[in-house]
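A.B. asks: below are the sequence and a predicted model for it; my questions follow.
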Amino acid sequence: MPNGFDIPIPFLNTSFHVYFYGILITVGVIAAALLGAAEAKRRGINPDFIWDALFWVVLVGIIGARLWHIFTPPPSMVEQGITTKYYLTHPLDMLNIRRGGLGIPGAVIGGVLVMWFYCRKKNLSFLALADAVAPGVALAQAIGRWGNFFNQEVYGLPTDLPWKIYIEPPYRVAGYENYEYFHPLFLYESLWNLLNMSILLFVARRFEKWLKPGDIFYFYFTTYAIGRFALEFLRLDSAQVGGINFNQTFMIVLVLIGGVLLFLNHRPKRAEK
């Protein structure tokens, strides 16, 4: 299965390889910005703020995604000697994102930090803007996950289910070389993100008068974390830190944080004496 295509550069007598993964990430970013701008406008926020911050959100998001991978490399890469120590001693490889290795949690954290600083600079409500862009982020994740399909990565345990996916021998995780068909984990997460986006858009409209600033944002990362936590049980190449599935553990923390923030947002206020 091709993971991209070559664009010839005649005057250099060479070609440039374009990865489907990168194309899908770009499409996801544009889709997220369009949906975020529409939601911002519906909420009375100038949609230009979305486009104004987009470049920095994407840039720092990519940096955050790469750092997440560098500090939590999957076992398959560790077996090849590509560890955190390797990256720290080979800085050029740290920058070579064309070889893969981007962690979604790092991308979201990086994007959130940029938005927070941007809102402070523009004197905007961070929670209000975060509520507007949250559904778009879920949409971007749903689209971007299809890049894993072309890279033949982010698949689950072997299966004979009708929707199984064939993985070519070079891309099979060690210990599973004799299996051909696996759970399409990327598809499961893509569908979960689409469901998350749909729920967020529905809740934002159906319960608009009841919601408080931050609710949609908190609900977004709580729901995402629940799905990601469950899907990690199927994943074969999960990042391990100290023998613990780091991503799955982090998702538990996110669920707890999201639940606490939602509770605090709606806890009864004490009557003033």
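C.D. replies: Thanks, I have the structure now.
A.B. asks: so which residues of the chain form strands?
C.D. replies: Listed in chain order, the strands of the chain (DSSP state E) span 4-9, 14-19, 165-166, 181-182, 240-241, 244-245.
A.B. asks: which helices and strands does the fifth one pack with?
C.D. replies: If you count contacts as 3 or more CB pairs under 8 Å, 6 or more residues apart in numbering; DSSP states H and E, strand 240-241 packs onto no helix or strand. To be clear about C-beta, it is placed using only N, CA and C from the backbone, and glycine gets the same treatment.
A.B. asks: isn't residue 145 up against residue 193?
C.D. replies: Yes: at 7.0 Å, residue 145 counts as touching residue 193 under the criterion of CB atoms under 8 Å.
A.B. asks: rewinding a little: residue 75: which of the strands of the chain is closest?
C.D. replies: Closest approach to residue 75 among the strands of the chain (CB to CB): strand 240-241, 6.0 Å.
A.B. asks: now do that closest one: distance to the chain's middle.
C.D. replies: Put simply, strand 240-241 sits 19 Å off its chain's centre (CA atoms, centre = their mean, to the nearest Å).
A.B. asks: contacting residues around it?
C.D. replies: Contacts to strand 240-241, defined as CB atoms under 8 Å, 6 or more residues apart in numbering, come from residues 72, 75, 78, 246.
A.B. asks: neighbour-wise, which one of those residues leads?
C.D. replies: In terms of neighbours by other CB atoms under 10 Å, those top out with residue 72 at 20 neighbours.
A.B. asks: distance check, that one against residue 23.
C.D. replies: 25 Å (CB to CB, to the nearest Å).
A.B. asks: same thing with residue 35?
C.D. replies: 19 Å.
A.B. asks: what of residue 126?
C.D. replies: As judged by CB to CB, residue 126 and residue 23 stand 31 Å apart.
A.B. asks: next up, the contacts around the residue nearest the centre of the chain.
C.D. replies: Nearest residue to the geometric centre of the chain (CA atoms, centre = their mean): residue 104, 3.2 Å. Contact analysis of residue 104 by CB under 8 Å, 6+ apart lists 65, 68, 141, 144.
A.B. asks: most neighbours out of the residues you listed, which is it?
C.D. replies: residue 144 (26 neighbours).
A.B. asks: got a list of what that residue touches?
C.D. replies: Contact partners of residue 144, counting by CB under 8 Å, 6+ apart, are 24, 25, 28, 104.
A.B. asks: what's the straight distance from one end of stretch 205-213 to the other?
C.D. replies: End-to-end distance for stretch 205-213, by CA to CA, to the nearest Å: 14 Å.
A.B. asks: my bad, stretch 205-216
C.D. replies: 11 Å.
A.B. asks: pLDDT weak spots in the stretch 101-250 of the chain?
C.D. replies: Judged against pLDDT under 70, the stretch 101-250 of the chain has no low-scoring part.
A.B. asks: quick one, helices of it?
C.D. replies: Taking DSSP state H, counting those that start in this stretch, the helices of the stretch 101-250 of the chain run over residues 104-122, 126-144, 146-151, 185-206, 215-231, 246-266.
A.B. asks: okay, angle between the fourth one and helix 215-231 too, please.
C.D. replies: What separates the directions of helix 185-206 and helix 215-231 is an angle of 160 degrees, with axes from the mean of the first three to the mean of the last three CA atoms, to 10 degrees.
A.B. asks: so residue 165 makes contact with residue 181?
C.D. replies: Yes: with contact defined as CB under 8 Å, residue 165 reaches residue 181; the gap is 6.6 Å.
A.B. asks: which one's more surrounded, the two?
C.D. replies: The residue with more neighbours, out of residue 165 and residue 181, is residue 165; 18 against 15, by other CB under 10 Å.
A.B. asks: what sits against that one?
C.D. replies: The neighbours of residue 165, taking CB under 8 Å, 6+ apart as the test, are 149, 155, 181, 182, 183, 184, 187.
A.B. asks: fine by me, we can end here.
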